[in-house]
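J.: Following is a predicted model, sequence given first.
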Amino acid sequence: MLECAPSTYWAAKKRELAPSARAVRDEWLKKEIWRVWEGPGRRVYGARKVWTQLNREGTTVARCTVERLMRELGIAGASAARKRPRTTVAGTDRPGDLLERDFTANAPNRRWVADITYVDTASGWVYTAFVQDLFSRAIAGWQVADHLGAELALDALEMAIWSRGGIGDGLVHHSDRGTQYTCIRYAERLDQIGAARSVGGKGDSFDNAVAESLNSLYKKELIDFRGGWENVMDVTIATMEWVAWYNNERIHSYCGNIPPREYEETFHRSRGTAPRAG
């Protein structure tokens, strides 16, 4: 048995019992990580977004540290959504592709993209239509219904027109070849607001990649993540809450890791212009 002075023993014991500075900070960071993950992140943020949100709030921490502590906490972001079934029935009459896979815009209400995705509920299939502004990736309009008729897409378009206020000239509306978007009623409504129609190629999801990405995000962060959907009203209420969070709180990498609404407000402040109603 090795002998040591009592002072040496108790000094070692004190170091053993007293938590290190790293351990103390880790415990504090775990609470902050949990707060972000459960609060602003709605339990769908992965390590990258939790790390980004913490740094936005002024907490300087390495991404690898967030990854490590999230593993220790046993939490993770929402997993990728399943591939959706086809919701597009191709129309025969369609305009050309004005975007040609350039999914950027230099100001709000210059380029919108639209698409439809599906939700499986206990009462049958439910469908969600979105209209998204390419400038900030904000959701301008949406609608949920238990059918794939033209009214579904039209209602989402009407919400976008209402929420964005006066559209002005120069808007391009891009969609896939679905009959909901190529029908006469939809085309007439776009003509009324002075929007140019743009339609992607047949069966090519890359021609509407941003809208497809939004559908995937919606499925990952809400539909597949929560599950257990009962009916169209159940999905409608949850979608309304998710869209409000997405536009106003959810940090978006395309916007420089700030929410879409904040991104648009920054744009208008820099130019001394007022954002349109919505």
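T.: Perfect, thanks for sending it. Numbering: from 1, shown residues only.

J.: Next secondary structure element downstream of the one helix or strand in the chain whose mean pLDDT sits lowest?
T.: Lowest mean confidence among the helices and strands of the chain (mean pLDDT, DSSP states H and E): helix 6-17, at a mean of 62. On the C-terminal side of helix 6-17, the nearest following helix or strand under DSSP states H and E is helix 21-38.

J.: tell me what that following helix is packed against?
T.: Applying 3 or more C-beta pairs under 8 Å, 6 or more residues apart in numbering; DSSP states H and E, one finds that helix 21-38 contacts helix 47-56, helix 63-73. Where C-beta positions appear, they are placed from N, C-alpha and C, glycine not excepted.

J.: which parts of the last one are buried?
T.: Just to be clear, that refers to helix 63-73. By 16 or more other C-beta atoms under 10 Å, the buried positions in helix 63-73 come out as 65, 66, 67, 69, 70.

J.: how about TSV for those, with distance to residue 214 and pLDDT added?
T.: Converted to TSV, the buried residues of helix 63-73 look like this (distance: C-beta to C-beta, whole Å; pLDDT from 0 to 100):
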residue	distance to residue 214	pLDDT
65	31	90
66	26	90
67	26	91
69	30	88
70	25	87
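
J.: what about residue 151, which helix or strand?
T.: helix 150-164.

J.: which residues sit against that helix?
T.: 108-109, 112, 114, 116, 127, 129-131, 133, 140-143, 145, 167, 173, 178-181, 183, 185-186, 189-190, 193, 276-278 (C-beta atoms under 8 Å, 6 or more residues apart in numbering).

J.: Contact partners for the closest residue to residue 255 other than its chain neighbours?
T.: In space, and not counting its chain neighbours, residue 255 is closest to residue 263: 3.8 Å by C-beta to C-beta, 6 or more residues apart in numbering. Taking C-beta under 8 Å, 6+ apart as the criterion, residue 263 is in contact with 136, 138, 252, 255, 256.
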